[in-house]
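Participant: generate coordinates for the sequence data below:
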Amino acid sequence: MTYFAEYAWVGGRVERDVTLEVSGGRFTAVTPGSAPGGTRLRGLVLPGLANAHSHAFHRALRGRTHGDRGSFWTWRELMYEVAGRLDPDGYYALARAVYGEMALAGVTSVGEFHYLHHGPDGTPYADPNEMGHAVVRAARDAGLRITLLDTLYLTSTVDGRPLEGVQRRFGDGDLDGWLTRTATLRDGEHVRIGAALHSVRAVPAHALTALAGRAPLHLHLSEQRAENEQCRAVHGCTPTELLHRHGILRPGTTAVHATHLTGDDVKLLGGSGTGVCLCPTTERDLADGIGPGRALADAGSPLSLGSDSHAVVDLFEEARGVELDERLATERRGHFSPAELLAAATAHTALGWDDAGELAVGKRADLVAVSLDSVRTAGIDPSGLVFAATAADVTHVVADGRTIVADGRHTGFDVAAALREAIA
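Facilitator: Predicted structure coming up:
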């Protein structure tokens, strides 16, 4: 298959008249300055986007949590209500629809931070990984690759209170229970099996070391100040320092949010090569705060992006949010270049897909065509697209050489109808 792009993001910059040849799901040639030929892609063609942090079932909360002011903790109670009523069939239907929405937004890989493991009272299904298998099938049927970040979730507080209510769905009893259940999960053509520590609230310190060295390994870190305060009270240190003591901080680990950090925390994360996944639209929605993205990047932490609770599914909004939130925090402009923001939006390496995220020979044939003719993008310099485009400007998406979005529509199903039916 041959594509011809008017503009394409190649090697960290915009190139004109680029021919992209694809065979066996890989790019076999990428040639700027070439004559037109093959399937013409208008606008700017980008590598496929990577959504590095997803809780698919949170999408059911969109537009439903703003009735009173509340807080992260009151929002969490509403989230638990949704978590309490999903079964494997319902979870599949919702996740497939959410991943379809991601495809329409240009996402070709998703990291599903998966902790909805068992039945409503905590009893395992006949297949103890049935819920995980449901989201893997959902991603496949929506055309995406998925990294299943199967989550260890054992306690409800830093001081070790047991899980209660719907939280019992999340837990495996103890570390051995989680290890036994996850031992049967396997990588596949469109799936990588990763691991996650939910947070220092949910994983006792003695269990942390057992996951040191796993990759990809993700974890929620310092999203709320209360977590930091509780960790200091119990362990005498910050969550970042606790993870460092137990060997968790290293390349292959990604800390999600990393909002409320000390200067020493930033040094530990960056110095160890630990990645950081920022989720600006969720962090705004939940009033979490603004994390030190620039300081983390400067310290050595590779950045990735996630839509997390799916208050919005738009990686362009996440990317520019990293810059715009820094401007609000510092009252200064120009923290991240467009190239840096697009690198974060295409950070498939955070999900274990090291062979994706570039329009380059040998890489997976993922591409996203973004219109330069909409009311949002008409007349812009293509190199500044990340500051103008939205998910609505995505017209064509190819994942592993297969077209999953054409003319702004998913090739497999009606995504809006699927969302309505799954959430009803």
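
Participant: could you check the pLDDT of Gly100?
Facilitator: pLDDT recorded at Gly100 is 98.

Participant: now the helix or strand hosting it: how far from the chain's centre is it?
Facilitator: Gly100 is located in helix 88-104, with elements delineated by DSSP states H and E. Relative to its parent chain, helix 88-104 has a centroid offset of 15 Å by CA atoms, centre = their mean, to the nearest Å.

Participant: check which residues of that helix are buried.
Facilitator: 88, 91-104 (16 or more other CB atoms under 10 Å). Every C-beta, even on glycine, is put in place using the N, C-alpha and C of the backbone.

Participant: so what's Pro216 closest to, chain neighbours aside?
Facilitator: In space, and not counting its chain neighbours, Pro216 is closest to Gly194: 4.0 Å by CB to CB, 6 or more residues apart in numbering.

Participant: next: Val203.
Facilitator: Leu197 (4.7 Å).

Participant: partner residues bridging the one you found?
Facilitator: Leu152, Leu219 (DSSP bridges).

Participant: contacting residues for it?
Facilitator: Thr151, Leu152, Val203, Leu208, Leu211, Leu217, His218, Leu219, Ile248 (CB atoms under 8 Å, 6 or more residues apart in numbering).

Participant: could you dump the residues you listed to CSV with pLDDT and neighbour count?
Facilitator: Conversion of the contacts of Leu197 to CSV gives the following (pLDDT from 0 to 100; neighbours: other CB atoms under 10 Å):
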residue, pLDDT, neighbour count
Thr151, 98, 29
Leu152, 98, 25
Val203, 98, 26
Leu208, 97, 20
Leu211, 96, 21
Leu217, 98, 22
His218, 98, 29
Leu219, 98, 29
Ile248, 98, 25
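
Participant: in TSV, list those residues along with distance to Gly379.
Facilitator: Output for the contacts of Leu197, formatted as TSV (distance: CB to CB, whole Å):
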residue	distance to Gly379
Thr151	45
Leu152	50
Val203	50
Leu208	52
Leu211	50
Leu217	44
His218	39
Leu219	43
Ile248	47
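
Participant: quick one: which of those residues is nearest Val82?
Facilitator: Thr151 (16.6 Å; CB to CB).

Participant: who does the helix holding Gly100 touch, helix- and strand-wise?
Facilitator: strand 49-54, strand 107-114, helix 130-142, strand 394-399, strand 402-406, strand 409-410, helix 415-423 (3 or more CB pairs under 8 Å, 6 or more residues apart in numbering; DSSP states H and E).

Participant: among these, which is the most enclosed?
Facilitator: Ranked by average neighbour count under the criterion mean count of other CB atoms under 10 Å, those are headed by strand 49-54 at a mean of 31.

Participant: what segments of the stretch 301-424 of the chain are helices?
Facilitator: 315-330, 338-345, 415-423 (DSSP state H, counting those that start in this stretch).

Participant: okay, now the domains of this structure?
Facilitator: Split into domains by automatic domain parsing, the chain comes to 2-47+358-414, 49-351.

Participant: so which of those domains is nearest Ala422?
Facilitator: domain 49-351 (4.1 Å).

Participant: neighbours of the residue nearest to Pro216, how many?
Facilitator: 27 (other CB atoms under 10 Å).

Participant: that's a strand at it, yeah?
Facilitator: Yes: membership of Gly194 in a strand is supported by DSSP: H, G, I helix; E, B strand; the rest coil.
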